[in-house]
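here's a sequence, model it:
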Amino acid sequence: MALQPVSTEIIDKIRQALGLDIFNRPHGILADPGDWGTVVTYLPLSSAEFKKLPLDLQRHVYVIGSGRYGLIGYVPKKFNLPPKTEIKAVSAVYDDFGRLIELTYKVDEKGPEYSVTESHRRDQLLETAKKKKISVKTVIRSRK
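Got it, this is the predicted structure:
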């Protein structure tokens, strides 16, 4: 399932349904551990706020964790790296059913490998490697 950002019109409807004059709260950022860039941004909602919303507006809210809810506000269109940083190597590990279980990249030939765990960013990294013609080292691990 792909993440769908919520339009500003829906955010306004949710704000009005909650009786708020302004929707002033920090944006949450989910990022892969040890990685750069934004995965998605969301506006957090409390469980009490979620329960106040009518069903037609609840369907736009994502469950972030147990009792934690949020509105997805931004999904990046590409794999983001700091300016003037290039990917030098990409490695992918698949299981024997063809599922991607680990994806890493390097920005320096002898530097550390950065792991990418979020599925959207994995897709974007593989697409970036394809566009920039970076070979992907592929390993298949069978389960014992």
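
measure how buried the closest residue to residue 142 other than its chain neighbours is and give me the count.
Excluding the flanking residues, the one nearest residue 142 by C-beta to C-beta, 6 or more residues apart in numbering is residue 96, at 4.2 Å. For the C-beta atoms, the positions are set from N, CA and C on the backbone; glycine is no exception. For residue 96, the count of nearby residues is 9 (other C-beta atoms under 10 Å).

residue 96 and residue 140: what is the separation?
For residue 96, the distance to residue 140 equals 6 Å [C-beta to C-beta, to the nearest Å].

what sits in contact with each of these two?
Common neighbours of residue 96 and residue 140, using C-beta atoms under 8 Å, 6 or more residues apart in numbering, do not exist here.

quick one: contacts for residue 57?
10, 13-14, 17.

of those residues, which pair is most distant in space?
The span of these, defined through C-beta to C-beta, is set by 10 and 17 at 10.4 Å.

beyond the helix or strand bottoming out on mean pLDDT in the chain, next helix or strand please.
Sorting the helices and strands of the chain by mean pLDDT, DSSP states H and E puts strand 28-30 at the bottom, at a mean of 58. Counting by DSSP states H and E, the element after strand 28-30 in chain order, helix or strand, is strand 40-45.

count of neighbours near residue 141?
11.

quick check, it in contact with residue 93.
Yes. With contacts counted by C-beta atoms under 8 Å, residue 141 reaches residue 93, the gap being 5.9 Å.

shared neighbours, those two?
In contact with both residue 141 and residue 93: residue 101, using C-beta under 8 Å, 6+ apart.

strands of this protein, start to end?
28-30, 40-45, 62-65, 68-74, 89-95, 100-106, 114-115, 136-141 (DSSP state E).

which elements pack onto the third one?
Contact analysis of strand 62-65 by 3 or more C-beta pairs under 8 Å, 6 or more residues apart in numbering; DSSP states H and E lists strand 40-45, strand 68-74 as its packing neighbours.
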